[in-house]
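K.L.:
need a 3D model of the following:
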Amino acid sequence: MSEKVVLGSNGIKRVLKGFSPVESVAEYIWNGYDANATEVKIWAESNAMGGIHKVTVMDNGCGIDYKTLDKKFKPFYESNKMIYKNENNNSSLLHGKNGIGRLTFFTFAHAAKWTTVYRDGDRTFKYTIVITEKALNDYTTSIPVEIEDGTTGTVVEFDGIKEEILLSSILEFIKIDFAWFIELNAKRNINLVFNGEQLDYSKILKEREQKKYKYNEYEFDVVFCRWEKKLHQEYSKYYYLNHDGKEVYKENTTLNNKGDDFYHSVYVCSSLFSDFSFSKTNGQLRLEAAGKNREDEAFKYIKREIDKYIREKRDPFIRKSTKKFLNKLEDKEAYPEYNLNNPVDKYKKECLDELLATVFYIEPRLLGGLDIRQLKVVVRMFGILMETGEVDSFVEIMENVIDMTTEERNELVDTLKYTSLAKINKTIRLLKDRAKSVANLKNLVYNEDLKAGEINAIQPFMENNYWLLGEKYHLVSAEEPSFEEALRRFTYILTGEKKKRREVKIDSEHAKKQMDIFAVRQMPDGEIKRCIVVELKHPKVILSMKELDQVKTYMGTIVEEPNFKAGNIEWEFYLIGNKYNDYIKREIANGRSHGEKSLVYYVDNCKIYVKTWREIFTEFEINYDFLYSRLQLQQEQIIAGAGKTRKEILRQEQLSSAKMPDEFVLD
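P.N.:
Take a look at the predicted model:
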């Protein structure tokens, strides 16, 4: 008998023209699995040139019921919409194109013949179907004949194989098309045999790992597969299987389609999914349904764990891909012009690399697929971003372009925070200004022509640059304020209590004496850990017992005042001048037993140091020499820009980025 399909032969070819020969062969394999086959065998005989001259596909499925021919071979669409993708389906149980794939043989053969065995009740029947390339809208069948053998299945033979199809091409395509499906059905013993051998897809399976999880009474067997290549019609997905290993649902993974070549499949098998509803609420109230659902704590647990797991799997992979991407930028000369012999430029490039790597890690699609001109624009744009430090604006743009998780957003923000060249440039400027400040101080101390005295030069200079005695200090008082005023300010910083001047009295004959510098060092939590008191002397003064006793007087005044005592605060007193006499030398020698240079007195929580300006300059040069050499900051040029007169020096210090905050003043 003969039947007509809806479309004409040319119309069918037009609709199915998107199929390649290898895709067409795969369709016949899918048809077998759609017919509940547990095994599909492909025989492909090749000639001396590797071309195919005969192809046969056999399955042990349910066969083609004669009464369903109209549905199987007659398209129920009349336009190109008859072919649809399976991308959004939530199950892999039906993969073929509603049977229409059976007409795609014309892409590689002149004719196809189906020999099928099906069961109708308790009886088994066998018949054949034939379609030719020239008449795709006709199919010819034999009359079904009852047979005794009860084994069902279908054998499809293709005649007149065209030269366009190669054996190696078929095998490679089938591996990529079916590897994930074979893994999905591992517990159900689904087999795919090619020329008598089980399909070996080990070369495209780059990694396979099994893990076990447990939440209360539910156990989860998880299999992770990473593929070398993109799967043809299957995104990276989670597959949920019941206790029998049968798929009940699938959905895209959280890292699906990131554009980073991290192709993967995750199979999660558990009795939890034997009676489970995967429907989503879309934010609306849902009545309690029978069985378990996405709100179940066990499901939330395994979802969190496998999400975390695949991210850990992706991390070394994407970092390797990121390195390749950065090498590509080098090869394409996409970077701004950096002089890598200059450590500053080299550091800038390293920061830009880190930023680009983070963006590529979070969303490779944002940077992948760009041509060289686009890459140059984007890379330079990121360079400008680091120069300006517009972190918030950039993150907002990124969030509008791509869908970032909270973790990805935080990682991007942290990277931007630490790679902003606005901060780097600010740091470089600070280093330059500090070097200039030291040059200015040397000029004040050693150049007698400047007539720099303690009050008119050294004191105001150190008020601006007490960082020379340590970082993180806050200036409490300088020059004029007395011990009583210093205590009032100290009390406020320590306790927050704001006392009036008349309320703060020190019972000491030295209460009205003035310290040159009194500073405190506060920790991030506000706790005061250390206080320093500095006495500065004119460069011409040779430090002696007189000056040291003055500092000891300051120490005694503070130690004897109960309000200066708080917690475990350390007190350090400094006497600084240009030179000292033999008495001070002996005191320093006597203090060496404590293992600290320049220490002359140490009792309880108090220390007194005597330092020369030369020692302070040497300590600065030792501490900063590495940074200056790495950044190639020419100290000769910096020194050349230092002030030439006392007034010019003090004016420079007022405008310098090295200038410390002014002293703390209470009303």
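
K.L.:
buried sites along the lengthiest helix in the chain?
P.N.:
Of all the segments assigned as helix in the chain under DSSP state H, the longest by residue count is helix 297-331. By neighbour count with 16 or more other C-beta atoms under 10 Å, helix 297-331 contains the buried residues 298-299, 301-302, 305-307, 309-311, 313-314, 317-318, 321-322, 325-326, 329. C-betas here are computed from N, CA, C, even on glycine.

K.L.:
swap in stretch 40-47?
P.N.:
When burial is assessed from 16+ other C-beta under 10 Å, stretch 40-47 yields the following buried residues: Val40, Lys41, Ile42, Ala44, Ser46.

K.L.:
what about the residues you listed, which are in strands?
P.N.:
Assigned to strands by DSSP state E, the following of those qualify: Val40, Lys41, Ile42, Ala44, Ser46.

K.L.:
with pLDDT and distance to Thr154 added, can I get the residues you listed in a markdown table?
P.N.:
Formatted as a markdown table, the entries for these read as follows, by pLDDT from 0 to 100; distance: C-beta to C-beta, whole Å:
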| residue | pLDDT | distance to Thr154 |
| --- | --- | --- |
| Val40 | 96 | 10 |
| Lys41 | 96 | 11 |
| Ile42 | 94 | 13 |
| Ala44 | 87 | 17 |
| Ser46 | 78 | 23 |
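
K.L.:
and the helix or strand containing Met462, what does it pack onto?
P.N.:
Under DSSP states H and E, the secondary-structure element containing Met462 is helix 459-464. Counting contacts by 3 or more C-beta pairs under 8 Å, 6 or more residues apart in numbering; DSSP states H and E, helix 459-464 packs against helix 421-446, strand 473-478, strand 528-536, helix 646-655.

K.L.:
relative to the whole chain's centre, how far out is it?
P.N.:
Relative to its chain's centre, helix 459-464 lies at 46 Å (C-alpha atoms, centre = their mean, to the nearest Å).

K.L.:
contacting residues around that helix?
P.N.:
Contacts to helix 459-464, defined as C-beta atoms under 8 Å, 6 or more residues apart in numbering, come from residues 437, 440-441, 444, 468, 475, 478-479, 516-517, 534, 536, 649-650, 653-654, 656, 658-660, 662-663.

K.L.:
which of the residues you listed are buried?
P.N.:
For these, a burial check counting by 16+ other C-beta under 10 Å picks out 437, 440-441, 444, 468, 475, 478-479, 516-517, 534, 536, 649-650, 653, 656, 658-660, 663.

K.L.:
please enumerate the helices of the stretch 551-667 of the chain.
P.N.:
Counting by DSSP state H, counting those that start in this stretch, the segments of the stretch 551-667 of the chain that form helices are 582-590, 613-631, 635-640, 646-655.

K.L.:
least reliable of these by average pLDDT, please.
P.N.:
Per-segment mean pLDDT for those reaches its minimum on helix 635-640, at a mean of 66.

K.L.:
who's in contact with Tyr301?
P.N.:
Under the criterion of C-beta under 8 Å, 6+ apart, the neighbours of Tyr301 are Tyr213, Tyr215.

K.L.:
tell me the SS of Phe181?
P.N.:
The assignment at Phe181 comes out as helix when based on DSSP: H, G, I helix; E, B strand; the rest coil.

K.L.:
tell me the pLDDT of it.
P.N.:
Note on Phe181: pLDDT of 94.

K.L.:
shouldn't it be in contact with Tyr33?
P.N.:
Yes. Phe181 is in contact with Tyr33 according to C-beta atoms under 8 Å; the separation is 7.3 Å.

K.L.:
name the next helix or strand downstream of the lowest-mean-pLDDT helix or strand in the chain, please.
P.N.:
Lowest on mean pLDDT, DSSP states H and E among the helices and strands of the chain sits strand 2-4, with a mean of 47. Along the chain past strand 2-4, the next helix or strand (assigned with DSSP H and E) turns out to be helix 9-15.

K.L.:
then that next one to PDB, C-alphas only?
P.N.:
Only the C-alpha atoms of helix 9-15 are listed here, as PDB (Å, rounded to 0.1, in the frame of the first residue of the first chain):
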ATOM      1  CA  SER A   9       9.400  15.900  -1.400                       C
ATOM      2  CA  ASN A  10      11.100  19.200  -2.200                       C
ATOM      3  CA  GLY A  11       9.200  20.900   0.700                       C
ATOM      4  CA  ILE A  12      10.500  18.200   3.100                       C
ATOM      5  CA  LYS A  13      14.100  18.700   1.900                       C
ATOM      6  CA  ARG A  14      13.700  22.400   2.400                       C
ATOM      7  CA  VAL A  15      12.500  22.000   5.900                       C
END
